[in-house]
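>>> how would this look folded up:
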Amino acid sequence: MAAKKKVKKKTKAKTKPKKRVAKKKTVARKKPAKKKVAAKRPAAKKKPVAKAKPAAARAPVLKPVKPAAAAAPAGQRVGVVTHYFNHLSVAIIKMESGMLREGDMVHIKGHTSDFKQRVQSMELDHVHVPEVWPGQSFGLKVSEHAREHDVVYKIPS
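Next comes the predicted model:
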């Protein structure tokens, strides 16, 4: 028996449709207008300069007088206000020198605040303490508004 061979059909190659190329339209452009050159004017004549007056005729220069420096409040500087909690009326004070106990008088002085009060309540890390030492930051209940960078003085009693 004779084997039948499969006949391969020839496939036509797919042809891609040709792309239409849009022709660019040429637009006639206007040439920029030339700037008109203004006629040069003759240079203005210089005015004569007034001569300096002799030194004796000049008015003396007054130097501003500086006000006398405000004297530091009486007492020893013990610390600085680093923060103020408005809703609690508590000032956080960083001790710099000396020691502070309950019952001591302090003077808090700053740019806009200046008041004295007796130390009644001090807290260190949310714990009530009777005294604080240099290097510690503590909370002090204050009677008036204190601001950052206000200086705290201990008044001898």
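
>>> Quick one: neighbours of the closest residue to Leu100 other than its chain neighbours, just the number.
Excluding the flanking residues, the one nearest Leu100 by Cβ to Cβ, 6 or more residues apart in numbering is Val132, at 5.2 Å. For every residue, glycine as well, the C-beta is placed using N, CA and C. For Val132, the count of nearby residues is 23 (other Cβ atoms under 10 Å).

>>> isn't Val132 right up against Leu140?
No - when contacts are counted by Cβ atoms under 8 Å, Val132 is not listed as touching Leu140 (9.0 Å).

>>> Tell me who's in contact with Arg77.
With contacts defined as Cβ atoms under 8 Å, 6 or more residues apart in numbering, Arg77 is in contact with 96-97, 151-153.

>>> about what we covered before: quick check: neighbours shared by Val132 and Leu140?
Shared contacts of Val132 and Leu140, counting by Cβ under 8 Å, 6+ apart, come down to Met122.

>>> List the residues that contact the residue nearest to Leu100.
Val132 touches 95, 99-100, 122, 124, 138, counting by Cβ under 8 Å, 6+ apart.
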